[in-house]
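> Output the structure for:
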Amino acid sequence: MPGDAAGGDRHGRRALILVENLSVPFDRRVWQECTTLRDAGWTVHVICPRGSKRDTEPEAVIDGVRIHRYPLRAATGGPAGYLREYGSALWHTLRLARKVGPVDVVHACNPPDLLFLPALWLKRRGARFVFDQHDLVPELYLSRFGRGEDLLYRGVCALERLTYRAADVVLATNESYRDVAVRRGGRRPGDVFVVRSAPDTDRFRPVPPEPELKRGKPHLLCYLGVMGPQDGVDYALRALAQLRDRLGRTDWHAVFVGAGDTYEEMVELSRRLGLSEQVEFTGRIPDDDLVRYLSTADVCLSPDPRNPLNDVSTMNKVLEYMVMGRPIVSFDLREARVSAGDSAVYAPADDEAEFARLVALLLDDPEQRARMGKIGQERIGGPLSWRNSQASLLAAYAAACRDRARTAAGDRGRAARRPRR
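Purely as a prediction, here's the structure:
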């Protein structure tokens, strides 16, 4: 039974998942983990920030998962802004954790690498700590701020070490992250479980294309994802300008779906490049509308530049392009190749001219686009499926709970051997 594998339904065990950077269920990975644990018999609580347009209720029970949300103002103004954000998040997390009460497992999802603090508080009350490493924060710091290995960098490295040390089990999103947990974090390989993110194939299924989304052009290009300093939207826009100016291609319309810290800056860059008539920015949109755009797209864009974070990270947008059967143009990054394989073509890292050339080649080859799309769907349905990640997640919880049982048995044994007075 799945519940027995994770120690769930037989004992009515309780899990508390901590998230700081996204609301739930908007955070798709966390939501899939919640429902997997629920189906295995766990009672699941989540503490997370409120969303701005969705997930706005302070408390909700959705599909049997109880979600506790707190107000959080996103960081602005550099490091001081992040200190204010993270301080507020930690205070609310501890407040709500007291409300939830005792749990068997506390499951903390970074960033930031500060959630080990409420996890330690819960560990002292008998919980086991599962660290779900969504991002390598030292690499994120180097890639986002460009400040080098300064004092703050050394600080985030120290917080990562403390988090690894506090955790009973580590979840890594890919083998590159697993290697970091073992090599840099000093974790035993048996304590690190790869739980890859994967699209929800029940929610992401192709629908008939809608030619009107192409705005009168033969082809539609699509970007989906966060728009932050390290996400490469600027690379994509400059590549599209080269597609038009150097290669003479105006037979396309492009849509950029998503939001983030640099959204307004990217809209302005598009205007400066003279792309406003051909590039549409939608912001965040409902899943149904996203599926419409992806089902109509001829080529999807993954323009993440090579930096210490991107080279070893699995990009959710790549997986979502694949499940929709879309061909991809990507820069040549280590984990991009692991995920996409032959469902993508790869430009040398940060080479915008070659990125544009590969887009043009795919636009001219519908049979190649169809072959690549099929390869992507087969990979998502096979080695990269969420079914495999579910098994790894439940194995990680089983390992954490076995360790908890051994610790409890040891404590009882020591108490029995203690001399009576």
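> C-alpha only now, for contacts and for neighbours.
Noted.
> Run a quick neighbour tally on residue 43.
By other Cα atoms under 10 Å, the residues close to residue 43 number 21.
> The closest residue to it other than its chain neighbours - how many residues pack around it?
Nearest non-adjacent residue to residue 43, counting by Cα to Cα, 6 or more residues apart in numbering: residue 14, 4.7 Å away. By other Cα under 10 Å, the residues close to residue 14 number 22.
> Distance of residue 14 relative to residue 401?
Distance of residue 14 to residue 401, given as Cα to Cα, to the nearest Å: 11 Å.
> just residue 18 next, same as before
Going from residue 18 to residue 401 by Cα to Cα gives 18 Å.
> what about these two, which has more around it?
Shown here are residue 18 and residue 401; by other Cα under 10 Å, residue 18 has more neighbours (26 against 23).
> Could you give the bridge partners of the more buried one?
For residue 18, the beta-bridge partners are residue 47, residue 108 (DSSP bridges).
> Show the contacting residues for it.
Shown in contact with residue 18 (Cα atoms under 8 Å, 6 or more residues apart in numbering): 46, 47, 48, 93, 106, 107, 108, 109, 115.
> swap in residue 262?
Neighbours of residue 262 in contact, by Cα under 8 Å, 6+ apart: 227, 228, 229.
> same thing with residue 89?
20, 49, 70, 72.
> again with residue 100
Counting by Cα under 8 Å, 6+ apart, residue 100 has contacts residue 45.
> Could you check the pLDDT of it?
The score at residue 100 is 97. That number is its pLDDT.
> do the same with residue 12
74.
> what's the burial count for it?
Look at residue 12: counted by other Cα under 10 Å, it has 12 neighbours.
> Distance-wise, check the nearest residue in space to it that is not next to it in sequence relative to residue 15.
Spatial nearest neighbour of residue 12, chain neighbours left out: residue 42 (6.3 Å); criterion: Cα to Cα, 6+ apart. Distance, residue 42 to residue 15, using Cα to Cα: 7 Å.
> And residue 263, by the same measure?
In terms of Cα to Cα, residue 263 sits 36 Å off from residue 15.
> Compare those two and say which is more crowded by neighbours.
Each of residue 263 and residue 15 has its neighbours counted (other Cα under 10 Å); residue 15 has more, 23 against 19.
> quick one: secondary structure of the more buried one?
Judged by DSSP: H, G, I helix; E, B strand; the rest coil, the three-state class of residue 15 is strand.
> I'd say it and residue 108 touch.
No - contact between residue 15 and residue 108 fails when scored by Cα atoms under 8 Å: they sit 10.5 Å apart.
> Now stretch 175-187: average pLDDT?
Stretch 175-187 comes out at a mean pLDDT of 98.
> pLDDT weak spots in the stretch 1-150 of the chain?
Filtered on pLDDT under 70, the stretch 1-150 of the chain yields the residue ranges 1-11, 76-79.
> the strands in it, which residues?
14-19, 43-49, 59-62, 65-70, 105-109, 128-133 (DSSP state E, counting those that start in this stretch).
> For residue 203, which of these is the nearest?
Across the strands of the stretch 1-150 of the chain, the minimum distance to residue 203, taken as Cα to Cα, is reached by strand 59-62, at 16.2 Å.
> who does the closest one touch, helix- and strand-wise?
strand 65-70 (3 or more Cα pairs under 8 Å, 6 or more residues apart in numbering; DSSP states H and E).
> Need the residues that contact the strand it packs on.
23-24, 34-35, 38, 43-50, 56-61, 89, 92-93, 96.
> By neighbour count, sort out the buried ones in the residues you listed.
23-24, 34-35, 38, 43-50, 56, 89, 92-93, 96 (16 or more other Cα atoms under 10 Å).
> For residue 254, name its beta-bridge partners.
With DSSP bridges as the rule, residue 254 is bridged to residue 221, residue 279.
> okay, now the residue nearest to residue 82 when sequence neighbours are not counted: neighbour count?
Of all residues not flanking residue 82 in the chain, residue 75 sits nearest, at 4.9 Å (Cα to Cα, 6+ apart). Residues lying near residue 75 (other Cα under 10 Å) number 15.
> Was I right to think residue 75 contacts residue 85?
Yes - using Cα under 8 Å, residue 75 is in contact with residue 85, at 5.6 Å.
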